[in-house]
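# please work out how this folds:
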Amino acid sequence: MTYFRFLFLSLILTSAFYFSQVRETGIDEVKIKAFKKSKKKDNPAYDILQEVWKRKKSNGLSQFQDYQYEEYEKVEIDIANIDSAFTQRKIFNNLEFVFKYADTLDNADKMVLPIFFNETLYKNFGKNIPNKKEKREILANKSSGFSDNDALANTAKNLHKDIDIYDNVLNFFNIGFTSPIATDGFSAYDYQLLGTEFINGTDCYRIKYSPKRKDVLSIYGVIYIAKETYAVVRATLRSSKNINVNFVNNFYNELDYDNPNDSIFLPKRNYQEIQLSVFGKAEKSKSLLAKKTTVFSDYLFNQNLNDDLFDNKISSITDDDFQKDDQFWIDNRKEKLSKTEKNVYEMMGELQNVPKFKTAMKAYETIASGYYNINKSISLGDIYSIVGYNEVEGFRLRLGARTYFSSNDLWRAAFYTAYGFRDQQVKYGAEFRNMFNRDNRFTLGVGTRRDVMQLGSQLTADEGIMTRSFASSGVLSAGDNFYLSSVNQTSAFAAIDPFKNFTVRLDATYQTIKSANPEKFSLDFFKNNQLKSVVSDSKLAFSLTARPGAKFSRYGVDRYEHSTLAPTIMLKYTQGLEGVFESDFKYSKLQFYYYQPILLSSFGRLVLNVEAGKNFNAVPLALQNIIPGNQAYNLMPNTFALLDYYEFVADQYFTFQAEHHFNGKIFSYIPLIKKLKLREVAFYRTAVGTLNQSSVLINSSNLILKAPNKPYYEYGFGIENIGFGNVRILRIDFNWRGNYLENPAARKFGIKFGLQAYF
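You can find the predicted model right below:
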C-alpha cells in the first residue's frame, strides 16, 4: 500500500497541475567523461580502497555502552519544471498567487514550486549492554499548513532509506545497489583517482566511480577518503540516467560522516533527493521532487542511561504537544532554512484555504486510504471492495463505513453490508476496536459477520472480522469454483505489544460453517454417527507475531507501515472448545509462518514464505488445513497457482515458496528488450503433508480428500514492470505444474496476471 500511496499522490498532484514538458531539476547536471580503464591492481584507487577495507569502520552507536544524540529532519515536496506558459492555464484560476513562491532555476523559463514542507526534531537514545534497546522521542514538529499532515509527511519520508556507505549493499526503494566501497566494488564500478581535496578540514583522496555497465540499476558519484585514517568523509551517490525504478526519474544522495577515532564513524549529515513522475521521464513531463535533509548532532556516550528511559512511549508528529512556536525553531533548528523553505510555510497558509487544492488533497487521501471522509467523524469505504464476483453470489456490491476523527484514533467502529445478485442474500460485518494504551498497544475488539468466504485460500488466516474475503476478489477463474462456504461468525480479541514490534494476541471465536452451494460442494461430516451439514465451532486462538525492524507511524488503533525489509514471524496455537455454545469438536492446532524479503546485492531481491502446521485431532473439512490453491487468473500471494481449492487437505503440512526478482538484470543484456524496462521473476513453490485416516472417515464430502504425501511442486517465471512511461505496474506469470499430473483435470500450465505498484 505504500507504493500505491506514492502513485496516487503523484497522480492527483500532477493531474491538478496538468503537467507538460519537463527538464531535470534540483540535481546538478553531471557529465561523465570516459577514461581509460586499467587493471584493478594498476589503479591507484585500488590501493586506497584496500586500506579502507582493512580499516572498515563500524557505526559508533554500536561501540558504546549507551548513547544519545539529536536528529533534525526536514522534508520538502516540490513540483518541478513549471514554465511561464504553463502558469497561464485555466486550471490555475484563483491559484495564481502560488507562483510568487516558486523558485526560478538557472533557466528563467523553468520553476520549482514547493507544495509541502515538514520539520521534525528528535532525541534518540540507545543502550547496547546488557541488552539492545532503542528509543526515539519527538521533541518538536512543524508543518506547512496541514492540521493532519502526516499522510504527506510519511509518504515522503518513506521514499528515503537509511544508508550506511560501509555496507556492501545499499538499499534504495528496497532494491539493492552495490556500494562504491564494497569489497566487490571493482566488479561493478570503474574508479579514477582525481586528486585530493579538503572536506570539513580533512585532507581527502577524491575518487570518482562509475558503473562498468550503464544498465538498469547503477549509480555513480565521488567518494572522499581521509588520507590519514582512510575513513569515508563524504560520498555522493547519483542514479544513472536510464535507471529502471518505477516512478523514479533519478535520485541523489550526499552523505557526510564524522570520524572521531580510527575504528568508528558517526553520521553527520544526509541529504537525499528523489525526482519522481507518473507520466514520463524528467525531460518529457512534469515531476515531483522529494527532498530530505537529516542533521545528526550533540552525541553523548556512556552516560549510564536508566532502563526506565526506554519504557515504551509512542508519539506522533500530529500530537499537539510537539507544535512549537517560531522562536523555538529559531533557537533549535540545526540548519538554517533557505528562502524557498521559508516561503513554503507562508504559501501553504494561503493554499490550504483554496477549495480547488483542498479537493485535490481530499482525492489523494481517499485513494491512498480507500475511504472517503464525508465529515469529520465518518468515512465511507473500503472503495476497493465495492464490486466483486463469485459463482455463488454472482456480481456482488459491498458498502461500508467507519468512524474516523483523526489518523491517531484510539477507537474505531466499522461495518459493511453486501448483496449478491445471484443468491439474493444480504451479508454484513461489523467490528469495534478500542486501544486503551497506545504505548504498549493494548487493544480490545469485538465483531460479527455473515458472509460467503473462500476457506481454501489461506493456511495461517487472519482472525479479523473486517478483512476482505477472497471469494469476492476474482472476476475470472480457471474452471468453476463452487467451493465457497457460508460463515456466521462472532469474535472478540485482546492484543498487546509487550516489546517493540512484538504482538501477543488472543482471539475467542464462535462460528457456524456450511457450504454456500451444497448441491455442488459438500461440507457434510459425521458426529456421533449422525450426518451433519453445519459445523458449530468455538475456539481460542493465541498468536505471537514478531516484526523485527518494522517501522510504523500513526500510532492509533490503525497504523501506517513504512516499506522495509522487515521479516514476519508468527507462531499460532488454536484450541477448539467442544460443548461451548454447542460446539461440535475439541481439537488442537499449531501453526508457524515466516516471511522474509532479502536483498542480494545487484542480483535482486529474494522473497521467502514458509508455513508449517499440525492438527492434533480429527476435524471435518471446514476446519482442516487446506493447501491454498488459486483458481482465479489474477495473482494471489502465498497460494499455489495450479492447485484447485481443496485439491490437497492435510492434518500436518509444510509449504515453501521462493520468489526472486532480478530487477531487469538479465533483460539488460538483451539490446532490444532492455529498452522496454521489463523485469524478470523466477519462483518455486512446494507443499508436503499427511492426512490421517480418521480425518478422512469423519467427513462425508463429495470431494476426494488427499494430502500431498510426496512433495507437490510448481515453478515458473514472470515478467513484471510492464507498462508505459513511469507507470509500470502490470505483472504476468507463467506457471508449470511439476507433478500429480495423473488427474485429468489437473492444470499443467497456467498464466496469472495482476497489478503491483512496486518501485
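# assign the residue lying closest to Gln756 once chain neighbours are set aside to helix, strand or coil.
Once flanking residues are discounted, Gln756 sits nearest to Arg731: 5.4 Å by C-beta to C-beta, 6 or more residues apart in numbering. No exception for glycine: its C-beta is placed from N, CA and C like everyone else's. When classified by DSSP: H, G, I helix; E, B strand; the rest coil, Arg731 comes out as strand.
# where does pLDDT dip in the stretch 451-600 of the chain?
463, 468-480 (pLDDT under 70).
# can you show me the strands along it?
Taking DSSP state E, counting those that start in this stretch, the strands of the stretch 451-600 of the chain run over residues 485-499, 502-515, 525-527, 530-532, 535-546, 552-553, 560-561, 568-576, 588-599.
# and the residue nearest to Lys589 when sequence neighbours are not counted, how far is that from Ser588?
Distances taken as C-beta to C-beta, 6+ apart place Thr574 nearest to Lys589, at 4.2 Å, with adjacent residues excluded. The gap separating Thr574 from Ser588 is 7 Å, by C-beta to C-beta, to the nearest Å.
# Asp442 contacts Thr503, correct?
Quick fix: residue 442 is Phe, not Asp. No - at 10.8 Å, Phe442 does not count as touching Thr503 under the criterion of C-beta atoms under 8 Å.
# shared neighbours, the two?
495-496 (C-beta atoms under 8 Å, 6 or more residues apart in numbering).
# is Phe296 in a bridge, and if so with what?
Glu71 (DSSP bridges).
# wouldn't it be in contact with Gln68 here?
No - taking contacts as C-beta under 8 Å, Phe296 lies outside contact range of Gln68: 11.3 Å.
# in terms of neighbours, single out the busier of these two.
With neighbours defined as other C-beta atoms under 10 Å, Phe296 and Gln68 compare such that Phe296 has more, 21 against 18.
# next one: the more buried one from Phe265, what distance?
The separation that Phe296 has from Phe265, given C-beta to C-beta, amounts to 11 Å.
# sorry, back to before: which one of Thr574 and Ser588 has more residues nearby?
Thr574 (20 against 13).
# hmm, back to that, and Pro180, which of the strands of the stretch 451-600 of the chain is closest to it?
Nearest to Pro180 among those is strand 588-599 (16.5 Å), distances taken as C-beta to C-beta.
# chain center to the closest one: distance?
Its chain's C-alpha centre lies 18 Å from the corresponding centre of strand 588-599 when counted by C-alpha atoms, centre = their mean, to the nearest Å.
# got the buried residues for it?
Applying a neighbour-count criterion of 16 or more other C-beta atoms under 10 Å, the buried positions in strand 588-599 are 589, 591, 593-595, 597, 599.
# among those, which two are most distant?
Across those (C-beta to C-beta), the longest gap, 34.3 Å, separates Lys589 and Leu599.
# what are the boundaries of the strands in the stretch 101-250 of the chain?
Ranges of strands in the stretch 101-250 of the chain, per DSSP E, counting those that start in this stretch, are 103-104, 110-127, 133-143, 169-172, 175-178, 189-199, 202-211, 219-226, 232-239, 248-258.
# list the helices and strands the longest one packs on?
For strand 110-127, the helices and strands in contact under the criterion 3 or more C-beta pairs under 8 Å, 6 or more residues apart in numbering; DSSP states H and E are strand 66-83, strand 103-104, strand 133-143, helix 150-159, helix 339-351.
# count of neighbours near the closest residue to Phe552 other than its chain neighbours?
Nearest in space to Phe552, with sequence neighbours left out and distances taken as C-beta to C-beta, 6+ apart, is Arg559 at 4.5 Å. Applying other C-beta under 10 Å, we find 15 residues neighbouring Arg559.
# wait, Arg559 touches Ser553, no?
Yes - between Arg559 and Ser553 a contact is recorded at 7.2 Å, counting by C-beta under 8 Å.
# follow-up on the earlier one: can you add distance to Lys362 and mean pLDDT and give the helices and strands packed on strand 110-127 back as TSV?
Formatted as TSV, those follow (distance: least, C-beta to C-beta, whole Å; pLDDT from 0 to 100):
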stretch	distance to Lys362	mean pLDDT
strand 66-83	17	84
strand 103-104	27	60
strand 133-143	17	86
helix 150-159	11	62
helix 339-351	14	75
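# so for Asn375, which of those sits nearest?
helix 150-159 (17.8 Å).
# before we move on, back to that, make JSON lines out of the helices and strands packed on strand 110-127 and add distance to Ile330.
Shown next, in JSON lines, are those (distance: least, C-beta to C-beta, whole Å):
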{"stretch": "strand 66-83", "distance to Ile330": "13"}
{"stretch": "strand 103-104", "distance to Ile330": "22"}
{"stretch": "strand 133-143", "distance to Ile330": "11"}
{"stretch": "helix 150-159", "distance to Ile330": "22"}
{"stretch": "helix 339-351", "distance to Ile330": "12"}
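# and the ones you listed: which comes nearest Pro628?
Comparing those against Pro628 with C-beta to C-beta, the closest turns out to be helix 150-159 (29.9 Å).
# so how many other residues sit close to Tyr428?
Using other C-beta under 10 Å, Tyr428 has 15 neighbouring residues.
# next, the contact list for the residue nearest to Gly576 when sequence neighbours are not counted, please.
Leaving aside its sequence neighbours, Gly576 sits nearest to Tyr587 (C-beta to C-beta, 6+ apart; 3.9 Å). When contacts are counted by C-beta under 8 Å, 6+ apart, Tyr587 touches 574-576, 615-619, 623.
# likewise Thr574?
539-542, 587-591.
# again with Asp162
With C-beta under 8 Å, 6+ apart as the criterion, no residue contacts Asp162.
# again, only using 10 Å
By C-beta atoms under 10 Å, 6 or more residues apart in numbering, the residues touching Asp162 are 171, 267, 270, 272, 294, 551.
# related to what we said a few turns ago, measure the residue nearest to Gly576 to Leu571 for me?
Taken as C-beta to C-beta, the span from Tyr587 to Leu571 is 18 Å.
# thank you kindly, that will do.
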